[in-house]
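Chemist: sequence isn't available, so here's the structure alone:
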């Protein structure tokens, strides 16, 4: 009998322990408990833990491009014998890309904002609006009548949905920065971190929103107005009263990167990203596609559709022959003679329009004849210039004000703003960031392994006095110089040296894709050409991209055992 009582007591104690363990387990698995400490993250400073798993939202105008491997470069016949697109295997991370090229309507929105905030009539701002304006004279031709496009293409509503042209690479980069700030401004307002209407009411050069400045010092946004820059309790939960009957005060904070609401920056796509997105191998299931045999953004080796519904229709806007920019009117044309409205042709398998034809597009890379996959085959990009925030003498971040805007005079004489009020002043990284690092050793990496002294045939390791002379450098290009004197008069000095051997330098950028002026040969996504970054044409436009943070794919996958 005694033995039975002992057994019963042991069983009862075991059941109590099991229930207690289950209770603790249930409590620790709460959605608001930290997996690291078990603490309730809503009562602690646990923003990152609380937002764990929060997915990035696509910015306005963007579509998702799932990353992967692809053959970058041309493996078909190279009739031009450029030898600048040798096939290499590359991997691109997932990213987002504009569904279409940036249109005249989108760019005019940018110009109108600049005119409102920085009136061109004010002396200090007179070059901002003009420096951002497209060059409409690109349409002129010595032996052609194109004044209609010169006067109307940018601003007439009939062309609002046509891709913007006459924009140089520098202007495209500045548009992308502006777009980043306006999108994040709207996101923060919608999320309750900025007062409703803050982005449109009483906006001036003295009180602007900048994403990086907000993240670094939120209290300085909009000129330090506490009425416009708000704090909130990011958990959104009502806090329960404790045993003493008092309710803890909610912890209100500014938005941070850990809040998960601020989007990464809009930017130009890298060459590898653009080519990967244009080829759109995702829609193919053939082995030869993996090896880079695809010729166009669509399937097949022809520029006309083979589908019964629209058989014979051109799949892109391009020059079909000498004096033939659109085909025969009425039955065998591509619907355009110059550019065409975006979405006039079918999208590729990523849902991207006009990745061949219409306008060629700027990408972020500095041009070099080779893609150095021996140095890197992951997210390849040439053009890194690392910078950091500038700290003033008072130990605080130096924010650009209307009084210290910096301007640059381009080689063609155009004056553009280097930075705008509200932005954080930038300086190159120095030894503090580069000391004993293995992955980078200096701020400017444009010439790494192709253009620096070590990559020149004239460089002699061990002899400090030898090396490339001025006219013997690897990229011995003309060096034009444009400056202004004390009276503001422009002084142009052209390089007329007969010893220059190339047009390639650190200020020429890659552009991709064929345009309305190009033959079908240039529609191949692998084709690459270059153009000075401070010059514009009537056939080069651009679209923006945004990096993807988090998971590579948006497809749901079951957990692996």
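Modeler: All right, it came through fine. This one's a predicted model, so the numbers in the text were calculated from it and none came from an experiment.

Chemist: tell me how many other residues crowd the closest residue to residue 120 other than its chain neighbours.
Modeler: Sequence neighbours aside, residue 129 is the residue nearest to residue 120 in space, at 4.5 Å (criterion: Cβ to Cβ, 6 or more residues apart in numbering). In this view, the C-beta of every residue, glycine as well, is placed from N, C-alpha and C. The tally of other residues near residue 129 (other Cβ atoms under 10 Å) stands at 20.

Chemist: not counting sequence-adjacent ones, nearest residue to residue 267?
Modeler: Excluding the flanking residues, the one nearest residue 267 by Cβ to Cβ, 6+ apart is residue 176, at 5.2 Å.

Chemist: distance of the one you found from residue 363?
Modeler: In this structure, residue 176 lies at 12 Å from residue 363, with Cβ to Cβ, to the nearest Å as the measure.

Chemist: any common contacting residues for those two?
Modeler: Applying Cβ atoms under 8 Å, 6 or more residues apart in numbering, one finds that residue 176 and residue 363 are jointly contacted by residue 268.

Chemist: circling back to that earlier point, which neighbouring elements make contact with the helix or strand hosting the residue nearest to residue 120?
Modeler: In this structure, residue 129 sits in helix 126-132 according to DSSP states H and E. Using 3 or more Cβ pairs under 8 Å, 6 or more residues apart in numbering; DSSP states H and E as the contact criterion, the neighbours of helix 126-132 among helices and strands are helix 104-117, helix 169-190, strand 415-417.

Chemist: angle of the second one against helix 104-117?
Modeler: Meaning helix 169-190. Computed by axes from the mean of the first three to the mean of the last three Cα atoms, to 10 degrees, the angle separating helix 169-190 from helix 104-117 equals 80 degrees.

Chemist: may I see the buried residues of helix 169-190?
Modeler: Of the residues in helix 169-190, those buried by neighbour count under the rule 16 or more other Cβ atoms under 10 Å are 169-185, 187-189.

Chemist: counting by contacts, list what that helix packs against.
Modeler: helix 104-117, helix 126-132, helix 211-216, strand 415-417.

Chemist: so which elements touch the third one?
Modeler: By that I understand helix 211-216. Under the contact criterion of 3+ Cβ pairs under 8 Å, 6+ apart, helix 211-216 touches helix 169-190.

Chemist: and the helix it packs on, how far out from the chain's middle?
Modeler: The gap between where helix 169-190 is centred and where its chain is centred comes out at 10 Å by Cα atoms, centre = their mean, to the nearest Å.

Chemist: check contacts around residue 119.
Modeler: If a contact means Cβ under 8 Å, 6+ apart, then residue 119 has residue 125 as its contacts.

Chemist: do that again at 10 Å, thanks
Modeler: Counting by Cβ atoms under 10 Å, 6 or more residues apart in numbering, residue 119 makes contact with 125-126, 128-129, 204-205.

Chemist: once you drop chain neighbours, what's closest to residue 196?
Modeler: residue 189 (6.4 Å).

Chemist: tell me which residues touch that neighbour, please.
Modeler: The contact partners of residue 189, taken as Cβ under 10 Å, 6+ apart, are 195-200, 209, 228, 230.

Chemist: repeat that for 7 Å
Modeler: The contact partners of residue 189, taken as Cβ atoms under 7 Å, 6 or more residues apart in numbering, are 196, 198-199.

Chemist: hang on, the earlier thing: roughly how far apart are the residue nearest to residue 267 and residue 509?
Modeler: Between residue 176 and residue 509 the distance, using Cβ to Cβ, works out to 14 Å.

Chemist: burial measure for the nearest residue to residue 444 once chain neighbours are set aside, as a count.
Modeler: The shortest distance from residue 444 to any non-neighbouring residue, by Cβ to Cβ, 6+ apart, is to residue 385 (5.1 Å). Other residues near residue 385 number 14, with proximity taken as other Cβ under 10 Å.

Chemist: do residue 369 as well
Modeler: Neighbouring residues of residue 369 were enumerated by other Cβ under 10 Å; the total is 15.

Chemist: what's the answer for the one 10 residues further on, then?
Modeler: The number of residues packed around residue 379, counting by other Cβ under 10 Å, is 15.

Chemist: I'd say it and residue 90 touch.
Modeler: No. Counting by Cβ atoms under 7 Å, residue 379 does not reach residue 90; the two are 8.4 Å apart.

Chemist: anything in contact with each of the two?
Modeler: Taking Cβ under 7 Å, 6+ apart as the contact definition, residue 379 and residue 90 share the neighbouring residues residue 272.

Chemist: what's the distance between residue 222 and residue 404?
Modeler: Summarising the geometry, the distance separating residue 222 from residue 404, computed by Cβ to Cβ, is 19 Å.

Chemist: neighbour-wise, which of those two wins?
Modeler: A side-by-side neighbour count of residue 222 and residue 404, using other Cβ under 10 Å, places residue 222 first with 25 against 11.

Chemist: what about the longest strand along the chain, average pLDDT?
Modeler: Across the chain, the longest stretch assigned as strand under DSSP state E is strand 360-366. With pLDDT averaged residue by residue, strand 360-366 scores 98.
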